[in-house]
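Engineer: only geometry, no sequence info:
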């Protein structure tokens, strides 16, 4: 046993100290060695650019703004100034609006949509209120729905679902373009949309989307059509280019036009240069020549 103890002491005496101070471990039941007590050299971490550090501090100031607001108007002013300084610093780091991508808009609609967006090149991209801008854009007559995406550091993407334009509305001596929901598209020039059908009368803009597809599906009728006239805000007259008037009922317009199709196939009624073709009675078709009394024309059992 004593020999073993002496051997153990020799082992401790011959042990060499650890070469690295960082790996030295201090135990509370032993005195610290000289190596452990030696002062350590400070480590050098990665260098952070001063501008980036200032920007980060600015963001922290903004985050703590709610606490400052509780101390009164002076603190609020200080917080606002700090926030403005932080935004300015972030702008200097490249977070400025430089590019806007507009998707889904036809060339005539683009100018009005961008005007509603009210963006300014070079403004801080952090200050752009996306919800408010989307609301302004969706109030434009062309636009059904808008989506806005912020791409850091300097780009906005505006994607719109554009409403189809359905007609030119002649109303109170003025002609305007209307969209499928009846909204007037103020900045659309009717002269650029001459292929759209002409509608006339009070409320015609609101009812056009339902009747126009029914009429346009009939090539012989649409090629003769001059205008759709809304009568008493409840039904339509179709005014043809030769002066004839096709009177439709308030309900069941498509069924009435099916009867007209059948008559046109059997007697070419659209080529007879009649003054009036009355389809309001579902049991018969009444026609009026340009001169003379109005004969009754049974609709061939239709």
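Structural biologist: Cool, got the structure. These numbers were taken from a predicted model, which means no experiment stands behind them. Residues are numbered from 1 along each chain as shown.

Engineer: residue ranges with poor pLDDT in this protein?
Structural biologist: By pLDDT under 70, the weakly predicted segments of the chain are 1-94, 292-302.

Engineer: would you list every one of the helices in it?
Structural biologist: Assigned by DSSP state H, the helices in the chain fall at 2-14, 34-37, 50-63, 65-69, 73-92, 107-117, 130-138, 204-216, 219-222, 253-267.

Engineer: Please parse this structure into its domains.
Structural biologist: Residue ranges for the domains of the chain, per automatic domain parsing: 99-162, 165-297.

Engineer: Next one: the closest residue to residue 170 other than its chain neighbours from residue 276, what distance?
Structural biologist: Counting by C-beta to C-beta, 6 or more residues apart in numbering, residue 200 is the residue found nearest to residue 170 once chain neighbours are left out, at 4.8 Å. C-beta here means a position set from N, CA and C on the backbone, and glycine is covered the same way. According to C-beta to C-beta, to the nearest Å, residue 200 stands 17 Å off from residue 276.

Engineer: Tell me which of those two has more neighbours.
Structural biologist: residue 200 (19 against 16; other C-beta atoms under 10 Å).

Engineer: Would you check that my belief about the more buried one contacting residue 236 is correct?
Structural biologist: No: contact criterion C-beta atoms under 8 Å: residue 200 and residue 236 do not qualify, at 10.0 Å.

Engineer: tell me, what's touching the two both at once?
Structural biologist: Shared contacts of residue 200 and residue 236 (C-beta atoms under 8 Å, 6 or more residues apart in numbering): 228, 229, 230.

Engineer: Now list the buried members of those.
Structural biologist: 228, 229, 230 (16 or more other C-beta atoms under 10 Å).

Engineer: So what sits opposite the first one in the bridge?
Structural biologist: It stands for residue 228. residue 199, residue 238 (DSSP bridges).

Engineer: show me the residues around it that make contact.
Structural biologist: 167, 197-200, 204, 208, 211-212, 215, 236-239.

Engineer: Out of those residues, flag the one nearest to residue 101.
Structural biologist: residue 167 (30.8 Å; C-beta to C-beta).

Engineer: residues near that closest one, how many?
Structural biologist: 26.

Engineer: That one contacts residue 208, doesn't it?
Structural biologist: Yes: counting by C-beta under 8 Å, residue 208 is a contact partner of residue 167 at 4.8 Å.
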